[in-house]
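# Next input, structure requested:
(one chain, ligands or ions: 1)
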Amino acid sequence: MNTTPTEHTARIEHACSVCAVPITPGTRYRRWRWFFENIAGTVKIHPDCEALLGDHFEAWDGDTLSEMLTGWMLSEQAEAAIARCSDRAVAAGWQALVEVAT
Ligand SMILES: [Zn+2]
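The predicted structure follows:
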């Protein structure tokens, strides 16, 4: 079970749960809590990473972008997402992961 995602401005640096690129202070991020059996956790992701998940968002189980790239995500999907990404630092981090995965 997940709480509803809420949007926040980072006061300190966080690591994005999807791409691991830092969420830098002063930038917006999306956050929610998840609960599974007796475990709970917090997800913090870039808005661009939420957009990247797209149709996969509901089914997302915490896979990192690296795992998605070696799993279901096609390199064309990744390239298109990089082109759409509004944050160039995040896009550069995605690009580096694509280069490792392919
Ligand atoms: Zn991210």
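
# for this structure, longest helix please?
Counting residues, the longest helix in the chain under DSSP state H turns out to be helix 88-101.

# got a list of contacts for that one?
Contacts to helix 88-101, defined as C-beta atoms under 8 Å, 6 or more residues apart in numbering, come from residues 16, 19-21, 24, 46, 48-49, 52, 65-66, 69-70, 75, 78-79, 81-82, 85. No exception for glycine: its C-beta is placed from N, CA and C like everyone else's.

# The helix or strand hosting residue 53 - contacts with which helices or strands?
In this structure, residue 53 is located in helix 47-53 according to DSSP states H and E. Helices and strands touching helix 47-53, by 3 or more C-beta pairs under 8 Å, 6 or more residues apart in numbering; DSSP states H and E, are strand 28-36, helix 75-84, helix 88-101.

# Which stretch among the ones you listed approaches residue 5 most closely?
Of all those, the one in closest proximity to residue 5, counting by C-beta to C-beta, is strand 28-36 (4.4 Å).

# Partner strands of the helix or strand following the closest one, with direction?
Taking DSSP H and E as the definition, the helix or strand that follows strand 28-36 towards the C-terminus is strand 39-45. Note on strand 39-45: by DSSP bridges, its sheet partners are strand 28-36 (antiparallel).

# tell me the mean pLDDT for the partner strand?
This predicted structure assigns strand 28-36 an average pLDDT of 95.

# buried sites along it?
Of all the residues in strand 28-36, those buried under the rule 16 or more other C-beta atoms under 10 Å are 29-31.

# Now residue 69: which helix or strand?
Secondary structure assigned from DSSP H and E places residue 69 in helix 65-70.

# what helices or strands is that helix leaning on?
Using 3+ C-beta pairs under 8 Å, 6+ apart, helix 65-70 sits against helix 88-101.
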